[in-house]
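Novice: with the input below, show me the fold.
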Amino acid sequence: MLETPRLLLRPFTEADLPAFAAMNADPEVMRYFPAPKTEAETAEMLARCTEKWRADGMAFSAVTDHEGAFLGMCGLNCPVGLPVSPCVEIGWRFLSSAWGKGLASEAARAWLAWGWGQGLSEVIAFTPHLNAPSRAVMARIGMAEAPELAFDHPGIPEGDPLRTMYVARIRRPG
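Specialist: This is a model prediction of the structure:
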């Protein structure tokens, strides 16, 4: 578990499923994804995150406030099957009620510090070019665009405006 002044970052538990599923079903939260997720799809994602913790020692994880209220997810992940793989990516997704408060940046900085402590030398992030809010978080946490890594996401159909990925990277300081 990681802790910041406002947040707790920890592996998902089954108890997170209702709040996580509600967030993933919110069309506003999921506007830069092909579609909102069903509860069953979110349960599969939660199970994959649990398995990735076992296999990789890192995964997307729950973000709560210090009282335990679910706010979203953030973490490090080793994606497979993408043109940028193998790599370590950082990603985040928050309830719309948590937007505009610096929580994604705070959580991401904590995960980056943890990753540097684990010996990572570089972390990337990617999002559809249209996702200006996530690109802004990338910039706030010190990431710079890596146009040579940009790719078309194989899981998004050709012609879909969400297919072309903006990629940013950050290297371990010092």
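Novice: looking at this protein, which helix is longest?
Specialist: helix 39-56 (DSSP state H).
Novice: buried sites along the helix or strand following that helix?
Specialist: Per DSSP states H and E, helix 39-56 leads on to strand 60-65 as the next helix or strand towards the C-terminus. By neighbour count on 16 or more other CB atoms under 10 Å, the buried set for strand 60-65 is 60-64. In short, each C-beta sits where N, CA and C put it, glycine included.
Novice: what's the answer for stretch 163-174, then?
Specialist: Buried-residue list, stretch 163-174, by 16+ other CB under 10 Å: 163, 165-170.
Novice: now stretch 132-152
Specialist: By 16+ other CB under 10 Å, the buried positions in stretch 132-152 come out as 134-135, 137-138, 141, 143, 146, 149-150.
Novice: got phi/psi on the residue lying closest to residue 9 once chain neighbours are set aside?
Specialist: Leaving out its chain neighbours, the residue that sits closest to residue 9 by CB to CB, 6 or more residues apart in numbering is residue 2, at 4.1 Å. As for residue 2, its main-chain torsions (degrees, to the nearest 10) stand at phi -110, psi 150.
Novice: quick one on the thing from earlier: inside helices: which ones of the buried residues of stretch 132-152?
Specialist: Per DSSP H, the subset of those in helices is 134-135, 137-138.
Novice: dump these to TSV, plus pLDDT and distance to residue 76.
Specialist: Listed next are those as TSV, based on pLDDT from 0 to 100; distance: CB to CB, whole Å:
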residue	pLDDT	distance to residue 76
134	97	16
135	98	19
137	98	15
138	98	14
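Novice: can I get those residues in a markdown table with distance to residue 119?
Specialist: Formatted as a markdown table, those follow (distance: CB to CB, whole Å):
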| residue | distance to residue 119 |
| --- | --- |
| 134 | 26 |
| 135 | 27 |
| 137 | 24 |
| 138 | 22 |
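Novice: farthest pair within these?
Specialist: 135 and 137 (7.4 Å; CB to CB).
Novice: residue 62 and residue 132, how far apart?
Specialist: Taking CB to CB, to the nearest Å as the measure, residue 62 falls 25 Å from residue 132.
Novice: which non-adjacent residue is nearest residue 80?
Specialist: Residue 80 sits nearest to residue 86 (CB to CB, 6+ apart), 8.0 Å away.
Novice: need the per-residue pLDDT for that neighbour.
Specialist: Per-residue pLDDT puts residue 86 at 96.
Novice: that one contacts residue 78, doesn't it?
Specialist: Yes: at 6.8 Å, residue 86 counts as touching residue 78 under the criterion of CB atoms under 8 Å.
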